[in-house]
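A.B. asks: predicted model follows, preceded by the sequence.
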Amino acid sequence: MKQSQLFTKTRKEAPSDEVAKNAKLLIRAGFVDKLQAGVYTYLPLGLRVLKKIENIIREEMNKAGGQEILMPSLHPKELWQTTGRWDTMDDLYKVKDSSGRENALGPTHEEVVVPLMKQFISSYRNLPFSAYQFQNKFRMELRAKSGILRGREFLMKDMYSFHEDEADLTRFYEAMKGVYARVFERAGIGAVTYLTFASGGSFAKYSHEFQTVTPAGEDTIYVCDTCRVAVNKEIIEEQNTCPSCGNKDLRKETAIEVGNIFELKTRFSEPFKLTYKNKEGKEQAVVMGCYGIGLGRILGTVVEVLGDDNGLVWPKEIAPFAMHLVELGGSKDAAVRKEAESLYVELVALGVEVLWDDRDMPGGAKFAESDLMGIPVRVVVSQKTLEAGKFEVRERTSGKVEMQTRADVLGAYIQ
RNA sequence: CGGGGCGUAGUAUACCGGUAGUACGUCUGCUUUGGGAGCAGAUAGACCGAGUUCGAUUCUCGGCGCCCCGACCA
């Protein structure tokens, strides 16, 4: 798109009350806006990133056999009373309508998905399967903090799987570890994200979190470099060794939890009487697992991990645009404008997402903004590049600059 | 929820018991155009409420909001 059409603006300074790197950079670059503590609007550039993350997750969930649905946010009180969580979950938002009827704003969706599936599960022949959604969750955090990392309303992917028995749940659960690792790899934080052993509550020995190492993290984990997993604080206090290889030499890090997977077993199927008939015709409780990923949290974590002094740095797969085409002096110099436009048109025809800075501004301002936005590749068209008969191509991550021919530039996007 | 800090134009800040100055932004015009450019002009502000006072943006109290530490975060 043409940058002159983009309604957002960048800022030189972040609001003084923002401390979190993710909030500072995302607000300065015009990716998000804060409505209130822990509640953010995604602006066009930020939403593009969020949607890229969503699509990666969608692709991976579909590959794993997940079927996408969308459940509501308003949950009748009765469902939450059935599981007892109306009274025990203290970060539950409760809303009352004018007739006095009470609802919960969903912080998670077991209370909806389990009754839902009663209609569709009656026999072992219906199992196993899994369903997932992308949906805004509401949690009444007493203290929202760390920019977009801990919000009161946030977009989450939650998947629920349904099985005949624990063996089948375990099979699926183990497969999901790989699926999650792939999601974080594609989002650009694979190298610093660890499968982490966490407390499994009373029903499973462990649950697993995916923790990304960053100073902005709010959890403490202990990384085992031998088998590339980590252990969270609760577990380490019990046993002080890597549960996977017994290694005692663990490295302490702060990390942010970007996802988790949990064996629910029959915790929710029992209160709702979600059952199936097995081969012998006997009624059995459905065995379940759940799998969450916070999308905004991934976005914020990427900023924390990769952002530098000049601004945001986006990995290719989730960048708002693939290329920032920066034209210098194009509004006065018809030849420059023409060159920029023809490259833009050609790239767009190839399906490349290009942000074309066609505005009338000094070069320095354009470069500073370009760095701040963090698009992976910047291509400059100016009198200088015109004279050279080439384009100047710069990589945001390394700062490496190269003069390339049109064929080179286009070639990078042709499979 | 306990503790701490902070609320002044869109943003960042300054001064002051006598109604507020600067920079950036924004708007106009001209000049610029390879690292947030220059000149001229314009625009725009004391979170809310109560109290003290002749007078409160300034002092006091309360509320609300924001940030940080802690607790909490299936």
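C.D. replies: Yep, that arrived.

A.B. asks: do the helix or strand of chain A with the lowest mean pLDDT and RNA strand B meet?
C.D. replies: Using mean pLDDT, DSSP states H and E, helix A:233-239 stands out as the lowest-scoring helix or strand of chain A, at a mean of 82. No - using C-beta under 7 Å from any atom of the strand, helix A:233-239 stays clear of RNA strand B, coming no nearer than 9.1 Å. C-beta: built from backbone N, CA, C; applies to glycine.

A.B. asks: which residues touch A:Leu372?
C.D. replies: Applying C-beta atoms under 8 Å, 6 or more residues apart in numbering, we find A:Leu372 in contact with A:10, A:25, A:28-29, A:310-312.

A.B. asks: try A:His109
C.D. replies: Here A:His109 is in contact with A:71, A:133, A:135, A:158, A:160 (C-beta under 8 Å, 6+ apart).

A.B. asks: likewise A:Lys277?
C.D. replies: Going by C-beta under 8 Å, 6+ apart, the list of residues near A:Lys277 reads A:122-124, A:283-284.

A.B. asks: can you give me the helices in the stretch 51-200 of chain A?
C.D. replies: Taking DSSP state H, counting those that start in this stretch, the helices of the stretch 51-200 of chain A run over residues A:77-82, A:85-88, A:110-118, A:166-186.

A.B. asks: got these as JSON lines, with mean neighbour count and distance to RNA strand B columns?
C.D. replies: Below are the helices of the stretch 51-200 of chain A laid out as JSON lines (neighbours: other C-beta atoms under 10 Å; distance: least, C-beta to the nearest atom of the strand, whole Å):
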{"stretch": "helix A:77-82", "mean neighbour count": "17", "distance to RNA strand B": "12"}
{"stretch": "helix A:85-88", "mean neighbour count": "14", "distance to RNA strand B": "8"}
{"stretch": "helix A:110-118", "mean neighbour count": "21", "distance to RNA strand B": "7"}
{"stretch": "helix A:166-186", "mean neighbour count": "18", "distance to RNA strand B": "13"}
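
A.B. asks: rebuild these as TSV, extending it with mean pLDDT.
C.D. replies: As requested, those are exported to TSV (pLDDT from 0 to 100):
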stretch	mean pLDDT
helix A:77-82	96
helix A:85-88	93
helix A:110-118	98
helix A:166-186	97
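
A.B. asks: would a markdown table of those helices with distance to A:Glu339 be doable?
C.D. replies: Formatted as a markdown table, the helices of the stretch 51-200 of chain A follow (distance: least, C-beta to C-beta, whole Å):
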| stretch | distance to A:Glu339 |
| --- | --- |
| helix A:77-82 | 61 |
| helix A:85-88 | 62 |
| helix A:110-118 | 54 |
| helix A:166-186 | 34 |
